[in-house]
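Engineer: Take a look and give me a structure for this.
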Amino acid sequence: MNDLWSGERRARREAAQPLAVRVRPRSFAEFVGQAHIVGPSEDGRPTMLRRMIDAGRITSILLHGPPGTGKTTLAQLIATEAGMTSVRENAASVGVKRVREIVEGATRRLEDTGQRTVLILDEIHRFSKSQQDVLLEDVEQGVVILVGVTTENPLFAVNSALVSRSTLFRLEPLTHEDVVRALQRATSDERAFPGMDIAVDDDAYAHWATMADGDARRALNALELAVLSAPKDAPVRIAMVDAEQSIQQKAVLYDRDGDQHYDHASALIKSVRGSDPDAAIYWLGLMLEAGEDPRFIARRLAILASEDIGNADPRAIMVAASAWELCERLGMPECRITLGQCAIYLALAPKSNRSYVAINRAMKDVREGNTSRIPLYLRDTTKAQSEGYAYAHDSERMSSIGPVSDQRLIEEGRVYYEPTETGFEAELKRRLEEVKRLRSGG
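Structural biologist: A predicted model of the protein is given here:
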């Protein structure tokens, strides 16, 4: 029996949807941003995705990138533009039974009508192995076209079996201009605020775009809040003050358990390595403001102190060790000061990675079987076996750092540490050259 009230109920559900859903683009022409994916490319030719759609050869796809950049919308547009039926599920909640139902429906649809099915799977990084096993064969046979959506890097967060069967597209944060354009399009969309006459000042659009930091959904939520909370005049006018009140704090794009965690750590370390204290302090401040564990930051700075500074400034490792210890004792917010001091010191310290290179060379030799037997006189055994050992303090070869052994303590030709002329390491180089000269009889 037909439900006479189904249309009314559907209208109520649609009215309750947030603005970002109500004004979701219905075609690529309405889609904002991601020109590198939806094209055309810089030379005017269609992008890979457009070529796939035009040729009717859609393969399984993984869309990944930050929140609010259009991943789910793009997934639905792919199915629409390709003329295929779409089914949308969330990997965190869909069960094996539902996956089998989708596959069976897709199979019947393909056999009866030739129509192919696109399964849009949000949060695909949460897809379990049992769910994947049910789906993999049909994905491989082309019965179901999988379009996975995730904020994580699929190379690390998605099972390799799915990755190997998919084309990867990364979505980037929207530009300031993209967000403004999305807001303006939403304001003029008949689906946004039916029956309302709305005017928005340009500086309000600009403020939302700045504060959203590439996240169109966040900007659209702020627009909706400003409109719905405004006096019911005709027209509703949104000024700068309304925009400021509707979005209180700039979004910090950060996920302590995902890509952002490691991407920001990389930015911090590369800024310190590149001797840029301002960049180092910025990335450090962003990580701390986003709630990153200061002990994680201290650990990374301690590694850098040895790897990238080393003996060019031996004090760097002591500064990093002290900062780590104080982070454990002080906690936030006080340890932000300690970490800031440490990051600035390390950024402006002379740099050398020669200690890092030396230990890697030595361990590589060992792994590859280029090992040396320990001479009897170097072993910690009996006196008889040690009689051949020349006690260094009895040597007549004296350098500025003390006696130089009369014996070669490792095979000739094994050179691992090659100091630079940077910082204190220049002094170590001078000492090493003196020792080598005395050992060779010079």
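
Engineer: quick one, strands of this structure?
Structural biologist: All strands of the chain, identified by DSSP state E, fall at 61-64, 85-90, 117-122, 144-150, 167-170, 198-200, 236-238, 398-399, 402-403.

Engineer: tell me what the longest one is packed against?
Structural biologist: Using 3 or more C-beta pairs under 8 Å, 6 or more residues apart in numbering; DSSP states H and E as the contact criterion, the neighbours of strand 144-150 among helices and strands are strand 61-64, helix 71-81, helix 96-113, strand 117-122, helix 129-141. To be clear about C-beta, it is placed using only N, CA and C from the backbone, and glycine gets the same treatment.

Engineer: Report all helices and strands that the second one contacts.
Structural biologist: Right, helix 71-81. Using 3+ C-beta pairs under 8 Å, 6+ apart, helix 71-81 sits against helix 48-54, strand 61-64, strand 85-90, strand 117-122, strand 144-150.

Engineer: In the sheet, which strands lie alongside the last one, parallel or antiparallel?
Structural biologist: Strands flanking strand 144-150 in the sheet, each with its direction: strand 61-64 (parallel), strand 117-122 (parallel) (DSSP bridges).

Engineer: residues in contact with that strand?
Structural biologist: 58-64, 71-72, 75, 78-79, 84, 91, 102-103, 106, 116-125, 127, 135, 138-139, 154, 157-158, 162, 165-166 (C-beta atoms under 8 Å, 6 or more residues apart in numbering).

Engineer: Same check on the third one?
Structural biologist: With contacts defined as C-beta under 8 Å, 6+ apart, strand 85-90 is touched by 72, 75-76, 79-80, 98, 102, 105-106, 109, 115-123.

Engineer: Buried ones in it, by neighbour count?
Structural biologist: Ser86, Val87, Arg88, Glu89 (16 or more other C-beta atoms under 10 Å).

Engineer: Next one: the third one relative to Arg98, how far apart?
Structural biologist: Arg88 sits 12 Å away from Arg98, going by C-beta to C-beta, to the nearest Å.

Engineer: go on, the second one?
Structural biologist: Distance of Val87 to Arg98, given as C-beta to C-beta: 10 Å.

Engineer: same thing with Glu396?
Structural biologist: Relative to Arg98, and taking C-beta to C-beta, Glu396 is found at 84 Å.

Engineer: Looking at those two, which one has more neighbours?
Structural biologist: More neighbours surround Arg98 than the other of Glu396 and Arg98, with 14 against 8 (other C-beta atoms under 10 Å).

Engineer: For the more buried one, which non-adjacent residue is spatially closest?
Structural biologist: Glu89 (6.8 Å; C-beta to C-beta, 6 or more residues apart in numbering).

Engineer: Can you name the residues bridging to that neighbour?
Structural biologist: If you apply DSSP bridges, the partners that Glu89 bridges to are Leu121.

Engineer: Could you check the pLDDT of it?
Structural biologist: pLDDT, Glu89: 91.

Engineer: List the contacts of the closest residue to Asp54 other than its chain neighbours.
Structural biologist: With sequence-adjacent residues excluded and distances taken as C-beta to C-beta, 6+ apart, Asp54 is closest to Pro46, at 6.5 Å. If you count contacts by C-beta under 8 Å, 6+ apart, Pro46 has them with Gly39, Pro40, Asp54.

Engineer: before we move on, what about Leu183?
Structural biologist: Contacts of Leu183 (C-beta under 8 Å, 6+ apart): Val200, Tyr205, Trp208, Ala209, Ala219, Leu220, Leu223.

Engineer: if we can go back for a sec, now the strands paired with strand 144-150 in a markdown table, with mean pLDDT, distance to Ser322 and mean neighbour count?
Structural biologist: Output for the strands paired with strand 144-150, formatted as a markdown table (pLDDT from 0 to 100; distance: least, C-beta to C-beta, whole Å; neighbours: other C-beta atoms under 10 Å):
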| stretch | mean pLDDT | distance to Ser322 | mean neighbour count |
| --- | --- | --- | --- |
| strand 61-64 | 92 | 39 | 24 |
| strand 117-122 | 92 | 46 | 24 |
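
Engineer: For Val23, find the nearest of the ones you listed.
Structural biologist: strand 117-122 (18.8 Å; C-beta to C-beta).

Engineer: Give me the distance between the closest residue to Arg109 other than its chain neighbours and Ala343.
Structural biologist: Leaving aside its sequence neighbours, Arg109 sits nearest to Gln115 (C-beta to C-beta, 6+ apart; 4.9 Å). Distance, Gln115 to Ala343, by C-beta to C-beta: 57 Å.

Engineer: One more: Trp324?
Structural biologist: Distance from Trp324 to Ala343, by C-beta to C-beta: 13 Å.

Engineer: Could you name every residue contacting both of those two?
Structural biologist: In contact with both Trp324 and Ala343: Leu301, using C-beta under 8 Å, 6+ apart.

Engineer: The two - which one has more neighbours?
Structural biologist: Per other C-beta under 10 Å, whichever of Trp324 and Ala343 has more neighbours is Ala343, with 26 against 21.

Engineer: still on that earlier bit, counting neighbours, which of the contacts of Pro46 end up buried?
Structural biologist: Looking at the contacts of Pro46 with 16+ other C-beta under 10 Å, the buried ones turn out to be Gly39.

Engineer: Adding pLDDT and distance to Gly402, write the contacts of Pro46 out as TSV.
Structural biologist: Formatted as TSV, the contacts of Pro46 follow (pLDDT from 0 to 100; distance: C-beta to C-beta, whole Å):
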residue	pLDDT	distance to Gly402
Gly39	75	69
Pro40	71	71
Asp54	83	76
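
Engineer: and which of the contacts of Pro46 is nearest to Pro403?
Structural biologist: Using C-beta to C-beta, the contacts of Pro46 come closest to Pro403 at Gly39, 71.6 Å.

Engineer: what's that closest one sitting at in phi/psi?
Structural biologist: Dihedral pair for Gly39: phi 70, psi -170, per degrees, to the nearest 10.

Engineer: Skip the chain neighbours and tell me the closest residue to it.
Structural biologist: Nearest one to Gly39, counting by C-beta to C-beta, 6+ apart, is Thr47 at 3.4 Å.

Engineer: Next: Ala265.
Structural biologist: Arg300 (5.5 Å).

Engineer: what stretches of the stretch 1-150 of the chain score poorly on pLDDT?
Structural biologist: Along the stretch 1-150 of the chain, segments meeting pLDDT under 70 span 1-8, 10-12, 14-15, 41-42.

Engineer: how about Gly56, what does it touch?
Structural biologist: Ala82.

Engineer: quick one: terminal-to-terminal distance for stretch 51-59?
Structural biologist: For stretch 51-59, the first-to-last residue distance is 12 Å (C-alpha to C-alpha, to the nearest Å).

Engineer: residues touching Thr117, list them.
Structural biologist: Counting by C-beta under 8 Å, 6+ apart, Thr117 has contacts Met84, Thr85, Ser86, Val87, Ile102, Gly105, Ala106, Arg109, Leu110, Val143, Val144, Ile145.

Engineer: Would you enumerate the residues in contact with the residue nearest to Ala265?
Structural biologist: Contacts of Arg300 by C-beta under 8 Å, 6+ apart are Ala265, Leu268, Ile269.
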